[in-house]
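Participant: fold the following and give me the result.
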Amino acid sequence: MAGTKTGPGCFGDFVAEALPGLLRFGHVLTGDPREAEDLVQEALARSLRRWRWVHGDAVSYVRRAMVNTHISRWRSWQARVRLGSIPDGAPTTPGSAAAMIGT
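Facilitator: Numbers count the residues shown, from 1 in each chain. Below is the predicted model of the structure:
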């Protein structure tokens, strides 16, 4: 199988052979085929940088990169949701918040 070879010349062969399975795995992770394509693309780009040092099963290596990338995206999204903007009409000074509650 081309996925078990890790020489510099076989990355294109690996991608051609493993792409359908990686896209399915990405769809399972994200729930969206378009996001799965982005996830696979980013994981393959990251894997290409370290392709010389990939030993063993290349599919497992790329899947792990996909999982790590997905987790990083999810954490980044959570931080943006949590930090969001201050709603219009919200008190801007700490004292005014207490006054609104009635304490």
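Participant: for residue 33, list the residues it contacts.
Facilitator: By Cβ atoms under 8 Å, 6 or more residues apart in numbering, residue 33 lies in contact with 23, 27. All C-beta atoms are positioned from the backbone trio N, CA, C, and that covers glycine.
Participant: ok, it to residue 53 distance?
Facilitator: 31 Å (Cβ to Cβ, to the nearest Å).
Participant: ok, residue 63 - contacts?
Facilitator: Per Cβ under 8 Å, 6+ apart, neighbours of residue 63: 22, 25, 43.
Participant: show me what the strand or helix carrying residue 11 is packed up against.
Facilitator: Assigned by DSSP states H and E, residue 11 belongs to helix 11-30. On a contact count with 3 or more Cβ pairs under 8 Å, 6 or more residues apart in numbering; DSSP states H and E, helix 11-30 meets helix 33-49, helix 58-83.
Participant: what about dumping the CA coordinates of it to CSV?
Facilitator: The C-alpha coordinates for helix 11-30 follow below in CSV (Å, rounded to 0.1, in the frame of the first residue of the first chain):
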residue,chain,number,x,y,z
PHE,A,11,3.2,11.7,-0.8
GLY,A,12,1.2,12.3,-4.0
ASP,A,13,0.5,8.6,-4.3
PHE,A,14,-0.5,8.4,-0.7
VAL,A,15,-2.9,11.3,-1.0
ALA,A,16,-4.5,9.8,-4.2
GLU,A,17,-5.1,6.5,-2.4
ALA,A,18,-6.1,7.7,1.0
LEU,A,19,-8.1,10.8,0.2
PRO,A,20,-11.6,9.1,0.0
GLY,A,21,-11.1,7.5,3.5
LEU,A,22,-9.7,10.7,4.9
LEU,A,23,-12.7,12.7,3.6
ARG,A,24,-15.1,10.2,5.2
PHE,A,25,-13.2,10.5,8.5
GLY,A,26,-13.3,14.3,8.3
HIS,A,27,-17.0,14.2,7.7
VAL,A,28,-17.5,12.1,10.8
LEU,A,29,-15.4,14.6,12.8
THR,A,30,-17.1,17.7,11.6
